[in-house]
Structures are given as structure tokens and as C-alpha cells.
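Visitor: take a look and give me a structure for this.
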Amino acid sequence: MTTTHSPDATPGPSRALSFDRAAAQYAAARPGYPDALFDAVEDMAGRPLRGARTLDVGAGTGISTRCLLDRGARVVAVEPGPGMAAQLRRGLPDVPVVRGDGNQLPFAAASADLITYAQSWHWTDHARSGAEVRRVLRPGGTLALWWNVADSTVPWLGAQAERLVRFFGVEPVELARGAGHGSAVQDRGLPPDLDFTHRRVPWTRRVPLATHLDNLGSHSAFLTLDDDAARGFLAEERGRLLEEFPDGTVEEAYVVELHAAVR
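Guide: Here you go, the predicted structure:
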């Protein structure tokens, strides 16, 4: 009999806050974003990021926040998890951090030029978060949602995706939603009354195998799993990948799926 380790398929608060237990690992191992992504955001918004009053919702440890700051945006980070928020403050001590989530944004109406959700829209109640976006965005402001999706057309990533499906019995919801691995998901729960434009931005990064495994292990599907089961899968994965990458360096390939709409 094959044992599977299916995680809770509901993206609820317990899974959303599971990252707190691995905030430092998340900050160190998760991929960033290519400059081309922010070029695309500016193009779709019809304005530069420099000076834009920006809310980075579900900011986590500040990976997207830092990128937005580097482009000159005026960013407030919004993060529900205390551990993730503390990690963000350590890395970006000058950035205002507000504890909250997209379901109830603690900001005045029409106060934001740009609202971003990097890897985080799928953790919200889409009806509530959509209403909050419409309230807080100024007329002409932009909502931008994006996900790093591992490019499973690359043979070794495709094979890894198949092993994940076998291990969990189903494709893990966070991974399937594009939070780091797996196939693209078409139904993102986008607000239906906004006219979205979609872009796909491919990119790669070369990292030590240990970083790749830490990245994989920092997803909620693993963080909410029995520790022994998670360690066992990742140890087997290390052995497989060392056969393919004996120098201990892997090239991760991603496609950032970007969805943006002007209010």
C-alpha cells in the first residue's frame, strides 16, 4: 500500500500562519523576482513605481517589499503572521509594517496607488479581499497579483512535481496555486468586476541544492506535515538530485504569473 501525505486542502488561517515557524528559512531560501516583473507592473499600471503609495499585502519576510522599494515605491507592508512580520522588520527596519490581511485592510478609502499580492492572494477570502481592494485603491490605482510557478516543462522540475503529487496523493494546494512548484492554476479567484491583464515572465536562478530543498520545505504543505515525513521526503529528494547535479548546484526555472487591473 502506498502511503500518501495529503495536506489540508483549505487555504485557511492555520495554513496561512504555518510560515511563522520557518520565517528565517523562508527569507533565506525563497526565490525573489526578476526586474522584468516590475517592468511589466509599471507597463500595466501605466505609471512608474517610483513614488507610488503601495500596500504589499501578505508581505511575508519582505521579499517583494524589498523589490518594490528598490524601484522607488513608497511601501507599507501588511502581514498577519507575527514571526514573518518580525523577520521582515529585521531585514527592512525602516519599512512600516502593519499587522493585518487582505480581508480587512486597515487603511483609508482611496489611499493607495498600488496594492500588491506576491504569493498571497490565495490565502484570502476573495469576496472580502476584492471588496477591500476596491475600497482602498484610488481611482486609476492598480491591483497586481503574482505567483512564482516552477516551470515543469524543465525535465527535472517536471519529475519533481510528479514525485510531489505521488507523495501528497493530490497536488498540494499551496504548490498547485503557484507558490513555488507545480502547474499553473487558471482559477485564481480574481475580482470579477476588474478588467485584468495577464503576463508570464520567465526567469531562472542558480542556487545550492540545500537552498532548493529549504525553499521546497518552506511551503505550507511541508510545514503542516509530520516532521519525520517531511524530512524523509526531502532527504530522498536530496539523494535523487545529487545524482543529477553532482556539483551540488541546481538551476531553478520559474514563470511568474502576473495579473494586474486598473481600478
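Visitor: pLDDT below threshold where in the stretch 51-200 of the chain?
Guide: Counting by pLDDT under 70, the stretch 51-200 of the chain contains low-confidence ranges at 170-187.
Visitor: make it 90
Guide: For the stretch 51-200 of the chain, the stretches flagged by pLDDT under 90 are 122-123, 167-189, 192-193.
Visitor: show me where it has its helices.
Guide: Applying DSSP state H, counting those that start in this stretch to the stretch 51-200 of the chain gives helices spanning 63-70, 82-91, 126-136, 155-168, 173-174.
Visitor: for the nearest residue to residue 201 once chain neighbours are set aside, what are its contacts?
Guide: Excluding the flanking residues, the one nearest residue 201 by Cβ to Cβ, 6 or more residues apart in numbering is residue 256, at 4.2 Å. Placement of C-beta: from N, CA and C, glycine included. Residues near residue 256 by Cβ atoms under 8 Å, 6 or more residues apart in numbering: 33-34, 37, 146-149, 200-203.
Visitor: residue 256: what secondary structure?
Guide: strand (DSSP: H, G, I helix; E, B strand; the rest coil).
Visitor: so how far is residue 161 from the residue nearest to residue 81 when sequence neighbours are not counted?
Guide: Residue nearest to residue 81 in three dimensions, not counting chain neighbours: residue 20, with 4.5 Å by Cβ to Cβ, 6+ apart. From residue 20 across to residue 161, the span is 27 Å (Cβ to Cβ, to the nearest Å).
Visitor: those two: who's more crowded?
Guide: A side-by-side neighbour count of residue 20 and residue 161, using other Cβ atoms under 10 Å, places residue 161 first with 20 against 17.
Visitor: burial count for the spatially closest residue to that one that is not a sequence neighbour?
Guide: Take residue 161 and drop its neighbours on the chain: the residue closest to it by Cβ to Cβ, 6+ apart is residue 152, 4.7 Å away. Neighbours of residue 152 under the rule other Cβ under 10 Å: 19.
Visitor: next, residue 152: phi, psi?
Guide: phi -80, psi 0 (degrees, to the nearest 10).
Visitor: am I right that it is in contact with residue 158?
Guide: Yes: counting by Cβ atoms under 8 Å, residue 158 is a contact partner of residue 152 at 4.3 Å.
Visitor: residue boundaries of the strands in this structure?
Guide: 53-57, 74-78, 97-98, 112-118, 137-150, 196-208, 249-262 (DSSP state E).
Visitor: can you give me the angle the fifth one makes with helix 63-70?
Guide: What that stands for is strand 137-150. If you take axes from the mean of the first three to the mean of the last three Cα atoms, to 10 degrees, strand 137-150 sits at 120 degrees to helix 63-70.
Visitor: ok, strand 137-150: who's next to it in the sheet?
Guide: Partner strands for strand 137-150, per DSSP bridges, with pairing direction: strand 112-118 (parallel), strand 249-262 (antiparallel).
Visitor: would you turn those strands into JSON lines with distance to residue 43?
Guide: Below are the strands paired with strand 137-150 laid out as JSON lines (distance: least, Cβ to Cβ, whole Å):
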{"stretch": "strand 112-118", "distance to residue 43": "13"}
{"stretch": "strand 249-262", "distance to residue 43": "9"}
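Visitor: so what's residue 154 closest to, chain neighbours aside?
Guide: That would be residue 253: by Cβ to Cβ, 6+ apart, it lies 4.6 Å from residue 154.
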